[in-house]
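K.L.:
Task: produce atomic coordinates for the following.
(chains A and B)
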Amino acid sequence: MDHLELQRDDIGAKLGMWIFIFTEILLFGGLFLVYAVMRHRYMADFHLASLQLNTFIGALNTIVLLISSMTVAMSISAVQKKDKRMATILLSITLLCAVIFLVDKYFEWGHKISISLYPGTDLMQSLKHGYILFFSLYFFMTGLHMLHLIIGAVILIVALVKIRMGLINDEHYVLLENGGLYWHLVDLIWIFLFPLLYLVT
Amino acid sequence: MISEEKHITEYSLYGKVLIGLLVLTALTILFPWLNLTGFTALIALILASTKAGIVMTYFMHLKMEYILLKILVIMVLLIYISVILLTFSDYIFR
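P.N.:
As a prediction, this is how the structure comes out:
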């Protein structure tokens, strides 16, 4: 029986993902720019406000995301080597890292919310303008980043299912590559977020 | 135009890249303790940009990609840097 193959354009697919990544770079880049200008204007307030953040958890999250980037990159090699088991293990570690990151975020945000330190509360509105700006930027940027992380994790879950089903294999793996690229973007954003928000001196 | 050769990156290369990234992360965290106030932000940005460059080159596979993609990435980064420079050159003179 003749097998009709749908027309695929793997190079186009990957290029499309890169173009999307460019838009994301400009999106977060714009936010970083706002942060940079505001930090320049309220330098002392930003420094004091950033002391409220937990640098240890921030550092832990950075390490966790770096490891997850490595494992997702490795999973592509595994698929290319037709090593389904290794690809599954590596992607699972990546997803575990995502969960760890989200749990850390839960503790971070949870703590701030429990002491009323978030945009809109009376406490927040009573603070100095620089403080309010810092925390608005903090919650918005880490929140938007977290949203991207969740989306990336969902894409990788889909990729993992497809690997198990054999739909992603050593001849068709552009979905995994693109999911990996998106995941690296999430890592890239955090690489900048961490020092800018947590290590303000 | 663009040929698809299957170049499979070895796991060990990714491992080495991770170690490099972790070292840079450690530097980023320890550097503020040197207390060079003004320079700390600049060094932090340089370290972060280096890490980003490494992630893009090796994890995102840019090193092995075709030249057009590399040019596009550089173009977008140049656009972004221009936006930063334009914004600050306006802001500083207010």
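
K.L.:
drop to CA atoms for contacts and neighbour counts, all remaining ones
P.N.:
Noted.

K.L.:
Could you list the low-pLDDT ranges of the chain?
P.N.:
Looking at chain A here, since you left the chain open. When residues are selected by pLDDT under 70, those of chain A lie in A:1-4, A:201.

K.L.:
that answer is for a different chain, and I need it for chain B
P.N.:
Using pLDDT under 70, chain B drops low at B:1-6.

K.L.:
what does it put close to chain A?
P.N.:
Contacts of chain B with chain A, taken as CA under 8 Å from any CA of the partner chain, map to B:8-11, B:14-15, B:18, B:21-22, B:25, B:28-29, B:32, B:37, B:40-41, B:44-45, B:48-49, B:51-52, B:55-56, B:59-60, B:69, B:73, B:76, B:80, B:84, B:88, B:91.

K.L.:
and whichever strand or helix holds A:V103, does that touch chain B?
P.N.:
Assigned by DSSP states H and E, A:V103 belongs to helix A:84-114. No. Applying CA under 8 Å from any CA, one finds helix A:84-114 separated from chain B by no less than 10.9 Å.

K.L.:
Give the next helix or strand downstream of that helix.
P.N.:
helix A:122-126.

K.L.:
And the next helix or strand past that next one?
P.N.:
Following helix A:122-126 in sequence, per DSSP H and E, is helix A:129-164.

K.L.:
Only the buried residues of that following helix, if you could.
P.N.:
A:130-135, A:137-138, A:141-142, A:145-146, A:148-153, A:155-157, A:159-160, A:162-163 (16 or more other CA atoms under 10 Å in any protein chain shown).

K.L.:
follow-up on the earlier one: which of the residues of chain B next to chain A fall within helices?
P.N.:
B:11, B:14-15, B:18, B:21-22, B:25, B:28-29, B:40-41, B:44-45, B:48-49, B:51-52, B:69, B:73, B:76, B:80, B:84, B:88, B:91 (DSSP state H).

K.L.:
Can you flag the buried ones in those?
P.N.:
B:11, B:14, B:18, B:21-22, B:25, B:28-29, B:40-41, B:44-45, B:48, B:51-52, B:69, B:73, B:76, B:80, B:84.

K.L.:
What is the helix or strand B:L86 falls within packed up against?
P.N.:
According to DSSP H and E, B:L86 maps onto helix B:67-91. When contacts are defined as 3 or more CA pairs under 8 Å, 6 or more residues apart in numbering or on different chains; DSSP states H and E, helix B:67-91 sits against helix A:10-41.

K.L.:
Break chain B into its domains for me.
P.N.:
B:10-60, B:64-94 (automatic domain parsing).

K.L.:
Name the stretch among these that sits most buried.
P.N.:
Per-stretch averages of neighbours, counted by mean count of other CA atoms under 10 Å in any protein chain shown, single out domain B:10-60 among those, with a mean of 16.

K.L.:
what does stretch B:67-77 contact?
P.N.:
Outside of stretch B:67-77, the residues within contact range by CA atoms under 8 Å, 6 or more residues apart in numbering or on different chains are A:L15, A:F22, B:L62.

K.L.:
Give me the nearest residue to the first one, chain neighbours excluded.
P.N.:
The spatially closest residue to A:L15, leaving aside those adjacent along the chain, is B:L69, at 7.6 Å (CA to CA, 6 or more residues apart in numbering or on different chains).
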